[in-house]
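Q: Below are the sequence and a predicted model for it; my questions follow.
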Amino acid sequence: MGYPASSASAASPSTQGKTILETGDIGRIIDRIAHQILEKTSGARDVVLVGIATRGVPLARRLVERISTFESVDVPLGVLDITLYRDDLRLRGARSVGHTEVPPEGIDGRRVVLVDDVLFSGRTVRAALDALKDIGRPRAVQLAVLVDRGHRELPIRADYVGKNIPTALTESVKVLLTETDGRDAVVLQEETA
Amino acid sequence: MIHDLLSAADLDADSATLILDTAVEMAAMADRDIKKLPTLRGRTVVNLFYEDSTRTRISFEAAAKRLSADVINFSAKGSSVSKGESLKDTALTLQAMGADAVVVRHQASGAPHRLATWVDGRVINAGDGTHEHPTQALLDAYTLRSRLGGIAGRHVAIVGDVLHSRVARSNVLLLHTLGAKVTLVAPPTLVPVGVSEWNADVSYDFDAVLPSVDAVMMLRVQRERMGEAYFPSAREYSRRYGLDPVRVSRLPEHAIVMHPGPMIRGMEITPEVADSPRSTIVEQVANGVAVRMSVLYHLLGGFK
Amino acid sequence: MTTFRIRGARILGGDPTDLLVRDGVVAAVGADADAPGAESVDADGLVALPGLVDLHTHLREPGREDAETVLTGSRAAALGGYTAVCAMANTDPVADTAGVVEQVWRLGREAGLVDVQPIGAVTVGLGGERLAELGAMADSAASVRVFSDDGHCVFDPRLMRRALEYVKAFDGVIAQHAEEPRLTVGAQMHEGVVSARLGLTGWPAVAEESIIARDALLAGHVGARLHICHVSTRGSVDIIRWAKARGVRITAEVTPHHLLLTDTRAESFDPVFKVNPPLRTAEDVEALREALVEGIVDIVATDHAPHTTEDKECEWAYARPGMLGLETALSIVQDVALDRLGWDGIAERMSRTPARIAGLTDHGRDPAPGVPANLTLVDPAARRQVDPGSLASRSRNTPYAGMTLPGRIVATFLRGEATVLDGKVVK
Ligand SMILES: [Zn+2]
């Protein structure tokens, strides 16, 4: 059928390249961001964590778990697939559409923390903001990312950053997570394609 | 993805499943306050309808609009089409307008195939003569999947005027692709010569088929077929091939009743059956929009 | 009048020899075939055949000159190796009077490229209700001997019987378009596996076969001649074989397209493949080839049916049926039957027998001293790709576009005058 491997597929990226973060690093970063969210949102009251598919979802799930461990707060979790909001349909073609799940409480009047693995051009986050707007009207939206690799093309910045990794445009950052890839790691690769 | 959707045979199991999976997400969106996605902004979808079919046209129009496409309705009435402009000239006009997709309904079998040779945009067959109606088959498959939990291995009876039914042709193709077993049930006059090559069994005995099916798909039977001696009378037809509560009681508990509509209540299906909880007739309409959104998304999103 | 010395031609595929064409006849064959001042035609490697005779041509004039005229159709015929064509009666007005058949006959004379022999309608206006004035057409300058309502079947059995009987008075023949109309209402293509899939209304073989059976019985009963147009099914072949065995005076034709193409062509929904009777199955094609070789089907006739682009570039159901045939017929017969028929067998089926059926005594005669010089030279080794744009016909509806076919007509002579030289029409 000539379809590209979808963004939702579980196919693991190649792990050749320079490892920037190991399992332990990622665990510590999650802990830190969970603390920062609690701190910046007065104990995560009214907070909803929304993971951006694919790898933002397990990250958001881990944050929910950490927050509940630290402060016994049950933060609702949502899943956002932004495929239908992308602005590169003409360039990259149709992809299979993943599942979007709005938490039962909804997001109206809530403080939404979007969670993604890598912040790059900012286009994914823009699409996520568009998608959120069609789902409801949050009081505020914040952004948490595991890695910020720079090269923004839009006026978007993250509220919580696990690690800033300076990169060249010819490089790519691969995030591996146990839930999707069998292990935790962040790898810097030279783009071959 | 394929360039055009002209026949259900254009879809292999993977692409049909992808369209159905995407339709599930499209359907979920219909429950939201804002039933609109920006996905096809700036794209033009033309509905080219040579045959009156308000329900199909509205379904495609809603699908295109929910994906933010610009929709142009080009109906046979009140346009140059009725003044005798040829299909080819109309095609060249649509081509000049830059139509990204043309949804065509036509009374002549194969008209969408001809159109596809004259326009660069995607052509979607919304029903051509007695040939095919692939999006109807997709939405029937969607309904079957959501009601029965799957399609592979299920047994579907398609009952009625198979000879003149584009719905039957597309369903036989798609259901086979998705692994279902199909039995065509009709008087012998309404089964095409050459049906032996289809991936379907044929039975002239509705009652014998009832106990083993998971779904019954009732086809419309036009009254004018009587004048052409396909069957003697409406009464005799409904006695032998109509779906009434007695026949429904012989279906397995879980079996569902489908009808592509518009139906002739009383002849091929009794009102109490059409309105019963087993009937999927109303949800078929809602599913139609989601499935057509998915088709538009995948065809228009396809690589150049 | 030019004198031609044709050098090295293989008459009916035989040994190379020379022919002298002078004063409208073949003046000499062999070593003495020479004359001072004769124009030399190099026929090295070419086969000389008696000029082909088409018993079934639609020239469209009068009435549809936008699709074909007698002149353009004559050009196409000459390029196809023909020296005589029988023009079907379904023109507008219908060729059902002495006036119309004489008009067509005169137009053919004026074009001067082939002998255009008009076919008269059997019934007034092809209406199937009243006999046309068959005798008046027979007595006219056009000397009509073949009568046909082609495009329509003479389906009233009583009327058919009378027509068969009536034309015995002037040794006429009824050429029947065998199609039981009640079985082909709305029919679009052969009824079978492909029509079932494509949702196109079927044209069942039995609609042809039942009429052939009926008419063979009628012809036998009244002792009349019957010709069956464009036989297309295996079953028809069986019935014709049976009728011939019974001594019925029946002849039959098959078209080149029914010898080559099958109903699967309809899968494109391109109406260039729509024709009446429709393209049939591979089994039918095989049976027709066998029947042509065996002689059960007597001749190949083109059913050359030009249609304008508007009548073909449309929806299948709205398109008119018919295909071009004159310029490709011999190539297709060479392709499918030369190995079994030889050139003599091809001459029999495309020249001698059709000339005999049509009563054209100057045609269908092998090149020999004293015989009218109606002949054609074909290069059997040539291969050509069919390009609709370069056909001489005014229409473009050839089903063979893009196909590579064997054989090419190099020259054609009508009564000693060249109508085609070097593969080009002389006028
Ligand atoms: Zn005919």
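A: Yes, it's here.
Q: Beta-bridge partners for the residue positioned nearest the centre of chain A, please?
A: The centroid of chain A falls nearest to A:D116 when counting by CA atoms, centre = their mean (0.9 Å). Beta-bridge pairing of A:D116 under DSSP bridges involves A:V145.
Q: now B:I124
A: For B:I124, the beta-bridge partners are B:L5, B:V103 (DSSP bridges).
Q: for it, what are its contacts?
A: Residues near B:I124 by CB atoms under 8 Å, 6 or more residues apart in numbering or on different chains: B:D4, B:L5, B:F60, B:A101, B:V102, B:V103, B:V104, B:P112, B:T135, B:V295, B:L296, B:L299. Every C-beta, even on glycine, is put in place using the N, C-alpha and C of the backbone.
Q: can you pull the contacts of residue 107?
A: I went with chain A, as the question did not name one. A:V48, A:V50, A:G78, A:L132, A:I135, A:G136, A:R137, A:P138.
Q: right idea, wrong chain: chain B
A: With the criterion set at CB under 8 Å, 6+ apart, B:Q107 makes contact with B:Y50, B:E51, B:D128, B:G129.
Q: Is it correct that C:I212 is in contact with C:V237?
A: No - under the criterion of CB atoms under 8 Å, C:I212 is not in contact with C:V237, lying 9.6 Å apart.
Q: Now do the shared contacts for those two.
A: Common neighbours of C:I212 and C:V237, counting by CB under 8 Å, 6+ apart, are C:V231.
Q: now the helices: where do they sit in chain A?
A: If DSSP state H is used as the criterion, the helices of chain A fall at A:23-40, A:56-71, A:89-92, A:123-135, A:178-181.
Q: Would you single out the least confident of these?
A: Note on these: helix A:89-92 shows the lowest mean pLDDT, a mean of 74.
Q: how about the CA coordinates for that helix, as PDB?
A: The C-alpha trace of helix A:89-92 is given here as PDB (Å, rounded to 0.1, in the frame of the first residue of the first chain):
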ATOM      1  CA  LEU A  89      -0.300  16.700   5.000                       C
ATOM      2  CA  ARG A  90       0.500  17.900   1.600                       C
ATOM      3  CA  LEU A  91       4.200  17.300   2.100                       C
ATOM      4  CA  ARG A  92       4.200  14.000   4.100                       C
END
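Q: buried sites along that helix?
A: Residues A:L89 are the ones in helix A:89-92 that count as buried (16 or more other CB atoms under 10 Å in any protein chain shown).
Q: So it, near chain B or not?
A: Yes - contact of helix A:89-92 with chain B (CB under 8 Å from any CB of the partner chain) involves A:L89.
Q: Show me how far that helix is from its chain's centre.
A: Distance of helix A:89-92 from its chain centroid, counting by CA atoms, centre = their mean, to the nearest Å, is 22 Å.
Q: do you know which of the helices of chain A lies nearest chain C?
A: Among the helices of chain A, the nearest to chain C by CB to the nearest CB is helix A:89-92 (30.5 Å).
Q: which other residues reach that closest one?
A: Applying CB under 8 Å, 6+ apart, the contact partners of helix A:89-92 are A:P4, A:R86, B:T39, B:L40, B:L300, B:G301.
Q: residues contacting C:D366?
A: By CB under 8 Å, 6+ apart, C:D366 lies in contact with C:I11, C:L12, C:P50, C:A347, C:R352.
Q: Pairing partners for the third one in the sheet, please.
A: When you say that, I think you mean C:P50. C:L375.
Q: ok, back up a step: could I get the helices of chain A in JSON lines, plus columns for distance to B:R166?
A: As requested, the helices of chain A are exported to JSON lines (distance: least, CB to CB, whole Å):
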{"stretch": "helix A:23-40", "distance to B:R166": "56"}
{"stretch": "helix A:56-71", "distance to B:R166": "42"}
{"stretch": "helix A:89-92", "distance to B:R166": "31"}
{"stretch": "helix A:123-135", "distance to B:R166": "36"}
{"stretch": "helix A:178-181", "distance to B:R166": "43"}
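Q: Could you point out which of the ones you listed sits nearest C:D284?
A: For C:D284, the closest of these is helix A:89-92, at 49.5 Å, according to CB to CB.
Q: What ranges in chain A fall below the confidence cut-off?
A: A:1-15, A:192-193 (pLDDT under 70).
Q: Can you name the residue of the stretch 1-150 of chain C nearest to chain A?
A: Closest point on the stretch 1-150 of chain C to chain A, by CB to the nearest CB, is C:A67, at 43.7 Å.
Q: correct me, but that residue touches C:E310?
A: No - using CB under 8 Å, C:A67 is not in contact with C:E310; the gap is 9.8 Å.
Q: Between the two, point out the one with more neighbours.
A: C:A67 (26 against 14; other CB atoms under 10 Å in any protein chain shown).
Q: Okay, strands next: where are they in the stretch 1-150 of chain C?
A: All strands of the stretch 1-150 of chain C, identified by DSSP state E, counting those that start in this stretch, fall at C:4-11, C:16-22, C:25-29, C:39-42, C:47-50, C:52-57, C:82-87, C:115-118, C:146-147.
Q: can you tell me the average pLDDT over the next helix or strand after the last one?
A: When you say that, I think you mean strand C:146-147. In the C-terminal direction, the helix or strand that comes right after strand C:146-147 (DSSP states H and E) is helix C:157-166. Helix C:157-166 carries an average pLDDT of 98.
Q: can you pull the buried residues of helix C:157-166?
A: Buried-residue list, helix C:157-166, by 16+ other CB under 10 Å: C:L159, C:M160, C:R161, C:R162, C:A163, C:L164, C:E165, C:Y166.
Q: so where is chain C shaky, pLDDT-wise?
A: Along chain C, no part satisfies pLDDT under 70.
Q: brain fart, chain B
A: When residues are selected by pLDDT under 70, those of chain B lie in B:76-83, B:302-304.
Q: Please, where are all the helices along it?
A: Assigned by DSSP H, the helices in chain B fall at B:13-29, B:54-66, B:87-97, B:111-118, B:134-148, B:166-177, B:206-209, B:234-241, B:245-249, B:271-274, B:281-300.
Q: could you dump the longest one to CSV, C-alpha only?
A: Same thing as helix B:281-300. Output of helix B:281-300 as CSV, limited to C-alpha atoms (Å, rounded to 0.1, in the frame of the first residue of the first chain):
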residue,chain,number,x,y,z
ILE,B,281,-30.4,1.4,9.9
VAL,B,282,-30.1,4.7,11.8
GLU,B,283,-26.5,4.2,13.0
GLN,B,284,-25.5,3.3,9.4
VAL,B,285,-26.3,6.9,8.5
ALA,B,286,-24.1,8.3,11.2
ASN,B,287,-21.3,5.9,10.4
GLY,B,288,-21.5,7.0,6.8
VAL,B,289,-20.1,10.4,7.7
ALA,B,290,-17.2,9.1,9.7
VAL,B,291,-16.2,6.5,7.0
ARG,B,292,-16.4,9.1,4.3
MET,B,293,-14.2,11.5,6.4
SER,B,294,-11.7,8.7,6.6
VAL,B,295,-11.8,8.0,2.9
LEU,B,296,-11.3,11.7,2.0
TYR,B,297,-8.5,12.0,4.5
HIS,B,298,-6.6,9.0,3.2
LEU,B,299,-7.2,9.8,-0.5
LEU,B,300,-6.4,13.5,-0.3
